[in-house]
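> what's the 3D shape of this:
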Amino acid sequence: MPINHQSRRSIELGVAVQPQENCPVRTLSEEVTDVRHHAHEDGLQCEIVFADSQTENRETFHGYHDGQEPCPALTFMEHDCVPNIEGVEDESLLVVTHPPNRESISDLLAGLNQVSESLAVKWISETPTEEAATRRSVDLDVLTDKQQTAIEDAVKAGYYEQPREISISELAAERGISQSAMSQRLHAAEQKLLEGLLFPEQSADR
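As a prediction, this is how the structure comes out:
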C-alpha cells in the first residue's frame with residue numbers, strides 16, 4: 001500500500017485520558033492489558049485485550065465505533081495524530097502520540113477535553129531536528145509560589161511516574177489542603193509550563 005503523505009515528527013506527547021463511561025475500557029479497566037484501534041472510512045474498530053480474572057486467560061473484546069458518539073481515539077486521528085496506547089491505569093489510558101507541530105497540541109488537548117471524563121498531560125518532549133536543534137526550557141517564574149511548590153512536591157512524590165506512586169488526595173493531605181485545591185494548583189501549573197514550552201514568545205511578552 002503506497003504512502004500518500006509522510007512527515008517527520010519530532011514532538012512526543014504523553015497524556016492520561018479517561019474515556020466516557022460508555023467506553024468498554026472503563027468497564028474492563030481492571031483487567032485490560034492492551035488496546036488497539038483500526039480506522040477506516042466508515043468508522044473505527046477497537047480491540048481490547050483483557051485477562052479473565054477467574055481463568056487468567058487473555059481474551060479480546062472487539063468493538064465498532066461509527067463516529068456518532070464522542071471518542072478520544074477519533075479525536076487523535078482528527079488532529080492528524082496516531083494514538084499509541086501504552087497502558088491502562090485507574091480507568092485512564094496512557095496515550096503517547098506525535099503531533100505534527102507545537103501549535104497543533106493546544107487544539108488536540110481542547111478536543112480531548114470535550115470528549116473525555118478527565119485529561120492530564122504527562123509529558124511533552126521534542127527531539128532536535130536539522131531545522132530546530134535547540135533544547136527548550138521554561139521559566140518557572142511564571143508560576144506562583146503555591147503552584148511551584150505543588151508541582152515540585154508532585155514530581156518528588158512520584159505523581160507523574162507511570163504507574164503513579166501517589167494519588168492527588170494523598171498529595172493534598174501531605175500539604176494540609178483540600179484535594180480540589182491541590183488539583184487546581186497542579187492544573188494551573190501544568191498549563192502555564194506547557195504554554196511556556198509551546199509558545200515561548202507569547203510567555204515572554206506577559
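
> now do the helices in the protein.
Listed in chain order, the helices of the chain (DSSP state H) span 24-27, 72-78, 103-115, 145-157, 168-175, 179-198, 200-205.

> I124: which of those is closest?
helix 179-198 (6.3 Å; CB to CB). Where you see a C-beta, it was placed from the backbone N, CA and C, and this is true even at glycine.

> buried sites along the closest one?
182-183, 185-186, 188-190, 192-198 (16 or more other CB atoms under 10 Å).

> any idea how far the residue lying closest to D107 once chain neighbours are set aside is from L198?
In this structure, D107 finds its nearest non-sequential neighbour in H79, 6.1 Å apart by CB to CB, 6 or more residues apart in numbering. Distance check for H79 against L198: by CB to CB, to the nearest Å, it reads 14 Å.

> surely I124 meets L109?
No: between I124 and L109 there is no contact under CB atoms under 8 Å: 10.3 Å.

> quick one: buried residues of stretch 94-113?
94-100, 102, 104-105, 108-109, 111-112.

> contacts only, for I168.
Y159, Q179, M182, S183, L186 (CB atoms under 8 Å, 6 or more residues apart in numbering).

> farthest pair in those?
Among the contacts of I168, Y159 and Q179 lie farthest apart (CB to CB), at 12.8 Å.

> neighbouring contacts of stretch 63-80?
Contacts for stretch 63-80 (CB under 8 Å, 6+ apart): 17, 19-20, 22-24, 37, 39, 42-48, 82-83, 93, 95, 97, 99-100, 104, 107-108, 111-112, 114-116.

> next: stretch 142-161.
Taking CB under 8 Å, 6+ apart as the rule, stretch 142-161 contacts 122-123, 140, 164-166, 168, 170-171, 174-175, 182, 185-186, 188-190, 192-193, 196, 203, 206.

> look up how far T97 lies from E195.
Taken as CB to CB, the span from E195 to T97 is 19 Å.

> which of the helices and strands in the chain ranks last by mean pLDDT?
Ranked by mean pLDDT, DSSP states H and E, the weakest helix or strand in the chain is helix 200-205, scoring a mean of 57.

> I105 reaches H98, doesn't it?
No: I105 is not in contact with H98 according to CB under 8 Å; the separation is 10.7 Å.

> overlap in contacts of those two?
By CB under 8 Å, 6+ apart, the residues touching both I105 and H98 are I11, L13.

> low pLDDT regions in this protein?
1-7, 25-32, 40-42, 52-56, 67, 128-138, 200-206 (pLDDT under 70).

> if you set the cut-off to 50 instead, what comes out?
1-3, 130-133 (pLDDT under 50).

> hang on, the earlier thing: looking at the helices of the chain, which is closest to G87?
Closest to G87 of these, according to CB to CB: helix 24-27, at 11.4 Å.

> from Q68, how far off is the residue nearest to E170 when sequence neighbours are not counted?
Nearest residue to E170, sequence neighbours excluded (CB to CB, 6+ apart): A157, at 7.9 Å. Noted for A157: a distance of 41 Å to Q68, by CB to CB.

> neighbour count winner among those two?
A157 (16 against 7; other CB atoms under 10 Å).

> and that one, how far from Q114?
A157 is 30 Å from Q114, by CB to CB.
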